[in-house]
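K.L.:
any chance you could fold what I've pasted below:
(one chain, ligands or ions: 1)
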Amino acid sequence: MHFADQLPEDLPQIRLEGVTVRFDDGHEALRNVSLDVQKGEFIFVVGPSGAGKSTFIKLLLKESDATEGKIYVCGKKVSNMHRRKVPFLRRQLGVVFQDFRLLPNKTVYENVAFAMEIIEAKERDIRRQVPMILSIVGLADKHKLYPHQLSGGEQQRVSIARAMINNPPVLIADEPTGNLDPDTSWEIMKLLRQINQRGTTIIMATHDKTIVDVMQQRVIALSEGKIIRDELGGCYGCED
Ligand SMILES: Nc1ncnc2c1ncn2[C@@H]1O[C@H](COP(=O)(O)OP(=O)(O)OP(=O)(O)O)[C@@H](O)[C@H]1O
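P.N.:
A predicted model of the protein is given here:
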């Protein structure tokens, strides 16, 4: 038994313990950050440009490494995880980006099916589940179209369908409404709220003050790499 590898008791879905990310030039993108995220939470990560939001998200996905501290995601210690195990970690995390990142030469159906093919799902399951998720995101009638034939909001729905098709317990959204107009942004937020109400934890980095203020969820505010506020039912910048 390797006691050093034992996980702490009562581990929440995500835990950061004294995490610092320091780059070669000495700049610290995160400084001694500690936080717990419980299963089923909806969390906004806010802060000005350069505050450390993307760095935080990259740590969860193991796209970056912490210089100091411990990170646990979905029952696994990520901070010392072997590269070989990273693909298994990523299966637990659906990811949605500001710029959608769809495959331009694949149809809506194929873009979503691709995420199941990667994990070697059975063809029969793909044929059953892809139409189901497309109807949940309101795109059942657009399955044959290519990304360039869709509006920005529709493209983001495809990317949410792709992120959710393998039922990850956590959905990470990095500025998912950043390229969308206000009405379309609200449609996307309604969809994210529905997904959260079905039990998926959502962590969303955003600059959108209105969305954060209206949604009344937990808000973690970063400034210069430090958590300066962490409150339930919070607002974007409460001093405003
Ligand atoms: N490889 C790197 N080397 C040095 N500094 C870096 C590196 N990557 C990021 N940084 C710095 O770390 C800080 C945090 O960056 P990060 O991308 O996490 O900010 P952010 O809050 O996501 O900003 P934005 O809202 O503009 O996306 C910034 O000052 C950035 O310049």
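K.L.:
relative to the ligand, how far out is the residue nearest to the spatial centre of the chain?
P.N.:
Central residue of the chain (C-alpha atoms, centre = their mean): residue 172, 0.4 Å from the mean position. In this view, residue 172 and the ligand are 13 Å apart by C-beta to the nearest ligand atom, to the nearest Å. (Glycine included, C-beta is placed from N, CA and C.)
K.L.:
what comes up buried for the longest helix anywhere in the chain?
P.N.:
If you go by DSSP state H, the chain has its longest helix at helix 182-197. For helix 182-197, burial by neighbour count (16 or more other C-beta atoms under 10 Å) applies to 184, 185, 186, 187, 188, 189, 191, 192, 195, 196.
K.L.:
same deal with stretch 72-81?
P.N.:
Within stretch 72-81, the residues that count as buried by 16+ other C-beta under 10 Å are 72, 73, 74, 76, 77, 78, 79, 81.
K.L.:
and the furthest pair within those residues?
P.N.:
74 and 79 (13.7 Å; C-beta to C-beta).
K.L.:
mind listing the shared neighbours of these two?
P.N.:
Counting by C-beta atoms under 8 Å, 6 or more residues apart in numbering, residue 74 and residue 79 have no shared contacts at all.
K.L.:
which residues touch the closest residue to residue 41 other than its chain neighbours?
P.N.:
Nearest non-adjacent residue to residue 41, counting by C-beta to C-beta, 6 or more residues apart in numbering: residue 201, 5.5 Å away. Taking C-beta under 8 Å, 6+ apart as the criterion, residue 201 is in contact with 13, 14, 37, 38, 39, 40, 41, 42, 43, 169, 170, 171.
K.L.:
so what sits opposite residue 201 in the bridge?
P.N.:
residue 170 (DSSP bridges).
K.L.:
thinking again about what came up before, so the residue nearest to the centre of the chain is in contact with residue 95, correct?
P.N.:
Yes: look at residue 172 against residue 95 with C-beta atoms under 8 Å: they come within range, at 5.0 Å.
K.L.:
what do those two both touch?
P.N.:
residue 61.
K.L.:
which residues of the protein lie near the ligand?
P.N.:
Applying C-beta under 6 Å from any ligand atom, we find that the chain lies next to the ligand at 23, 25, 27, 29, 47, 49, 50, 51, 52, 53, 54, 55.
K.L.:
the nearest residue to the fifth one once chain neighbours are set aside: neighbour count?
P.N.:
Spatial nearest neighbour of residue 47, excluding adjacent residues (C-beta to C-beta, 6+ apart): residue 222 at 3.7 Å. Here the neighbour count serves as a burial measure; for residue 222 (other C-beta atoms under 10 Å) it reads 25.
K.L.:
residue 222 and residue 206, how far apart?
P.N.:
According to C-beta to C-beta, to the nearest Å, residue 222 stands 12 Å off from residue 206.
K.L.:
name the residues contacting each of the two.
P.N.:
45, 46.
K.L.:
what's next to stretch 154-165, contact-wise?
P.N.:
Contacts of stretch 154-165 (C-beta under 8 Å, 6+ apart): 94-97, 100-102, 108, 111-112, 114-116, 129-130, 133-134, 136-139, 142, 147, 150, 171, 176-177, 179-180, 184, 188, 191-192, 195, 200.
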